[in-house]
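K.L.:
Below are the sequence and a predicted model for it; my questions follow.
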Amino acid sequence: MATDIASVKPDAWLRWFGNTLVSIKVGSGEGQDRISLVEHWMPFGDSPPMHVRRNEDEIFHVLEGRMRFRVDGKDIIAAAGDTVLAPKGIPHSYRAEGKQGTRCLTITRGNDFESMLLECSRPAESRSLPPRSEPTPAMIDELARCCARNGIDIVGPPL
């Protein structure tokens with residue numbers, strides 16, 4: 001009996017989000033359980049603001065490099081092969097600490113995170129990290145508004 005299998009996503013699914021490169025590997029609308037799988041490439045030191053997801057747990061699986069997480073005030077160091085859960089409703093952030101950058105998978109159920117990424121990112125011009133830039137106050141304000149529209153509340157600074 002044949003089964004439908006999702007195909008490999010084209011480069012059109014590569015996005016630049018801040019200083020990172022993201023790829024939506026499985027979109028929340030592709031399966032019945034609404035699971036989303038996103039791959040991230042992050043430069044050393046990259047860290048999003050402390051945030052709370054209202055509707056989705058967030059699972060991180062580190063593929064390369066190291067990450068420092070802060071989940072509900074507790075610091076966790078994760079290396080390649082480690083998995084960290086950031087439950088919905090709990091403040092969390094992370095910092096890429098791999099000297100050569102960090103690569104991880106992010107798994108959520110629902111489309112809040114995926115929708116926020118699509119709204120707040122831009123198509124990648126290449127299969128590489130974007131040119132590094134520091135966010136301006138206007139960019140930070142826009143990110144906070146974008147996140148709020150997608151079930152994510154910014155509650156503090158990056159790590």
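P.N.:
Sure thing, it's come through. What you see is a predicted model, and the numbers here were worked out from it, not measured in a lab.

K.L.:
and the longest helix for this protein?
P.N.:
The helix spanning the most residues in the chain, taking DSSP state H as the definition, is helix 137-149.

K.L.:
Mind checking what helix or strand follows it in sequence?
P.N.:
Note on helix 137-149: by DSSP states H and E, the next helix or strand toward the C-terminus is strand 152-156.

K.L.:
Strands along the protein, start to end?
P.N.:
14-17, 20-26, 35-42, 50-53, 58-64, 66-71, 74-79, 83-86, 92-96, 102-109, 122-123, 152-156 (DSSP state E).

K.L.:
Over the longest helix of the chain, what's the mean pLDDT, rounded is fine.
P.N.:
Regarding helix 137-149, the rounded mean pLDDT is 95.

K.L.:
Tell me where the protein is predicted with low confidence.
P.N.:
1-12 (pLDDT under 70).

K.L.:
ok, back up a step: quick one, the longest helix of the chain and strand 152-156 angle?
P.N.:
130 degrees (axes from the mean of the first three to the mean of the last three C-alpha atoms, to 10 degrees).

K.L.:
If you count neighbours, what's buried in helix 137-149?
P.N.:
143, 146, 147 (16 or more other C-beta atoms under 10 Å). No exception for glycine: its C-beta is placed from N, CA and C like everyone else's.

K.L.:
what's the answer for stretch 87-103, then?
P.N.:
Those would be 88, 91, 92, 93, 94, 95, 96, 97, 98, 101, 102, 103, for stretch 87-103 by 16+ other C-beta under 10 Å.

K.L.:
Now render these as JSON lines, adding distance to residue 133.
P.N.:
Shown next, in JSON lines, are those (distance: C-beta to C-beta, whole Å):
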{"residue": "88", "distance to residue 133": "30"}
{"residue": "91", "distance to residue 133": "26"}
{"residue": "92", "distance to residue 133": "24"}
{"residue": "93", "distance to residue 133": "19"}
{"residue": "94", "distance to residue 133": "20"}
{"residue": "95", "distance to residue 133": "18"}
{"residue": "96", "distance to residue 133": "16"}
{"residue": "97", "distance to residue 133": "20"}
{"residue": "98", "distance to residue 133": "20"}
{"residue": "101", "distance to residue 133": "16"}
{"residue": "102", "distance to residue 133": "19"}
{"residue": "103", "distance to residue 133": "21"}
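
K.L.:
Grab the two from those that are most spread out in space.
P.N.:
Put simply, by C-beta to C-beta the two of the buried residues of stretch 87-103 set farthest apart are 88 and 101, 27.7 Å from each other.
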